[in-house]
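Colleague: sequence first, then the predicted structure, then my questions.
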Amino acid sequence: MHLNCKKMSVFELSEQEIQRRETLNKIREFGIDPYPAALYPVSHTTQGIREDFVEGKEVCIAGRMMSQRIMGKASFAELQDSTGRIQVYFNRDEICSGEDKTLYNEVFKRFLDLGDFIGVKGELFTTQVGEPSINVKEFTLLSKSLKPLPLPKTDAEGKVHDAFTDPELRYRQRYADLVVNQHVKDVFIKRTKLFNAMRQFFNDAGYMEVETPILQPIPGGASARPFVTQHNALDIPLYMRIANELYLKRLIVGGFDGVYEFSKNFRNEGMDRTHNPEFTAMEIYVAYKDYNWMMDFTEQLLEHCALAVNGTTKARFGEHDIDFKAPYKRVTMRDAILEFTGFDIKGKTEEEIFAAAKGMGIDVNDTMGKGKLIDEIFGEKCEGNYIQPTFITDYPKEMSPLCKTHRNDPELTERFELMVCGKEIANAYSELNDPIDQRERFEDQLRLSERGDDEAMFIDQDFLRALEYGMPPTSGLGIGMDRLIMFLTDNQSIQEVLFFPQMRPEVKSHKLELTENEKMIFEMVQKEGAMDLNDLKTKAGLSNKQWDVSIKSLTKHGALKVVKTDAALTVELA
RNA sequence: GAUUCCGUAGCUCAGUCGGUAGAGCAAUACACUUUUAAUGUAUGGGUCCUGGGUUCGAGCCCCAGCGGGAUCACCA
């Protein structure tokens, strides 16, 4: 069947993509390399040009051509580089000083498409309407773009039309998103500024950035389902880390005063607008400090970071105006629950708290221990009320198996969480350094696990051995970096602050050949030469939908044609 | 996992009562030497997410599935 000989891949390309491939061939025939190897001697960025604009200055810049306005013998285009855009002016007689005008008429006007990378050399000037521009003397094609960008347009009032907004496409094709949506790029620039500011703050304080294992034999330091993988040579399972806490503490045992790590963590749990299977936490441990010191340190840190990222300590998040200026309010968990529910957890038994939680309409069950119950009450009734940065302190012991017992109350721990807009963004302890207490806490966790709490922790014997050598009093802090940058850039979804958020695999079904139905119809017509359409439809015995799809496809691909006569419709070979 | 909304041209979106598939931008062609959402004229472009059903006839109605968004649940 000759049909199969057709290059079916062409069917998958849009008209514009085919045209660009044809243009590419013409460019090559003309003797221009559409993907030249040589460096291009860029002398300025568009931003640099705007900041120091001098009429007549010679510049050489490179970038993508994002718009083109051709007006006969003169044209304007916009070039976009990493710092922004600038207008470039192409004048036929500037570019082609001799008789031969093909460089302008053919190369510029016909061979270039939106999205192509070009380099231009020229002089700065200002147009009659006051737009800073480059008068192009020479231009070079640097890389041909074969796929049209989803280009939005911005009108005189700055309103964006036809914006590329579909979240699925934006996340799957982040490269295109970044090209056409400047505000998306800004988010990621701020993300990097945040990391840099935090590093700076820690380094200035004399603490050391370290790296610890991502593949761990025991996934410790948090309660979460891990990803499991297999090490072939050792023939053992290894886990992607859910936290790096226990390794950083080992380093404190080893004698470092302060260590921190930006840790990519992996948790095999649900995905939604605040959870991605891999995310970034920052953890820092400082010897000879306690959680009170850490609160001071944290509020100084966040004030510093907010200033570095946004130039102000104030930030808007959805409906809320928040201010990261230190100091932050400090509220114990007992007082928080007392304030919002009127119930005092102090001195209460598990049964009393269970009954109280149930009375508040909270969904409780008997796998929950005392700590979990208190956590549920706090999460349900209190958490959402803390909009401005607030430290919630002194958590129940059972929920915090790595945290030192409170110096004044054996039921509590020296722990705080920092709440912003009702969400937790940081968690810190006076770290538990008593190895015997630590072993007991792990064993309590094991009992919880047997009771049905699938979030309880594994026992890490090597970590206990390290503690037995002695760990100085230490305070540790963990910050959810993704959530923090969400707050600093007013994004409600974690996908917006990750370059490549996890997505379901893309499903693509390409119809590369004729389907069985299409072959059958084609063969029937081939045998008969020509057939009445209704006859053919009956003989094919297909559903209406299936018939419709098949005959449309066959006529579209030029296999068959439908001829209309006065009497009836006839199908023949094309 | 539950609920709900959505899926139509490269992009953003219309699509009436079920009756031959629409617009703007982008593309192609022509005109135009300081425009800027350039403009004017003309042209091409569709697997209406997939499959099944109802119907003389489905983008539209029904069923199932796939994909996505939002809310909730889960997840310190």
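Modeller: Sure, I can see it.
Colleague: I'd like the distance between A:R407 and RNA strand B.
Modeller: Remark: distance between A:R407 and RNA strand B (Cβ to the nearest atom of the strand, to the nearest Å) = 21 Å. (Glycine included, C-beta is placed from N, CA and C.)
Colleague: the closest residue to that residue other than its chain neighbours: what's it in contact with?
Modeller: In this structure, A:R407 finds its nearest non-sequential neighbour in A:E414, 6.9 Å apart by Cβ to Cβ, 6 or more residues apart in numbering. Residues counted as contacts of A:E414 (Cβ atoms under 8 Å, 6 or more residues apart in numbering) are A:D290, A:Y291, A:D394, A:C403, A:K404, A:T405, A:H406, A:R407, A:Y429, A:S430.
Colleague: the first one - how many residues pack around it?
Modeller: It refers to A:D290. Per other Cβ atoms under 10 Å, the neighbour tally for A:D290 reads 18.
Colleague: and the stretch 351-500 of chain A, which residues reach RNA strand B?
Modeller: Contact residues (Cβ under 7 Å from any atom of the strand) of the stretch 351-500 of chain A with RNA strand B: A:D363, A:M399, A:S400, A:P401, A:E417, A:E424, A:N427, A:E455, A:M457, A:Q492, A:S493, A:Q495.
Colleague: before we move on, back to that, just the ones in helices from the contacts of A:E414, please.
Modeller: A:Y291 (DSSP state H).
Colleague: now, among the contacts of A:E414, which is nearest to A:K109?
Modeller: Minimum distance to A:K109 across the contacts of A:E414 is 66.9 Å, recorded for A:Y429 (Cβ to Cβ).
Colleague: circling back: what subset of the residues of the stretch 351-500 of chain A next to RNA strand B is buried?
Modeller: Among these, the ones that count as buried by 16 or more other Cβ atoms under 10 Å are A:M399, A:S400, A:P401, A:E417, A:N427, A:M457, A:Q495.
Colleague: what sits against the last one?
Modeller: Applying Cβ under 8 Å, 6+ apart, we find A:Q495 in contact with A:P167, A:Y171, A:R273, A:N276, A:P501.
Colleague: sorry, back to before: quick check: ChimeraX command selecting the buried ones in the contacts of A:E414.
Modeller: Command for ChimeraX, covering only those of the contacts of A:E414 found buried under the criterion 16+ other Cβ under 10 Å:
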select /A:290,291,394,403,404,405,406,429,430
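Colleague: the contacts of A:E414 in strands, which ones?
Modeller: Among the contacts of A:E414, the subset assigned to strands under DSSP state E consists of A:Y429, A:S430.
Colleague: how near is A:E350 to A:N276?
Modeller: 35 Å (Cβ to Cβ, to the nearest Å).
Colleague: tell me which other helices or strands whichever helix in chain A runs longest touches.
Modeller: In chain A, with assignment by DSSP H, the single longest helix is helix A:182-204. When contacts are defined as 3 or more Cβ pairs under 8 Å, 6 or more residues apart in numbering; DSSP states H and E, helix A:182-204 sits against helix A:174-180, strand A:208-209, strand A:258-266, helix A:291-310, helix A:481-489.
Colleague: which parts of that helix are buried?
Modeller: Using 16+ other Cβ under 10 Å as the burial criterion, the residues of helix A:182-204 that qualify are A:V184, A:V187, A:F188, A:K190, A:R191, A:K193, A:L194, A:F195, A:A197, A:M198, A:F201, A:F202.
Colleague: starting at the chain centroid, how far to that helix?
Modeller: Distance, stretch centre to chain centre, for helix A:182-204: 15 Å (Cα atoms, centre = their mean, to the nearest Å).
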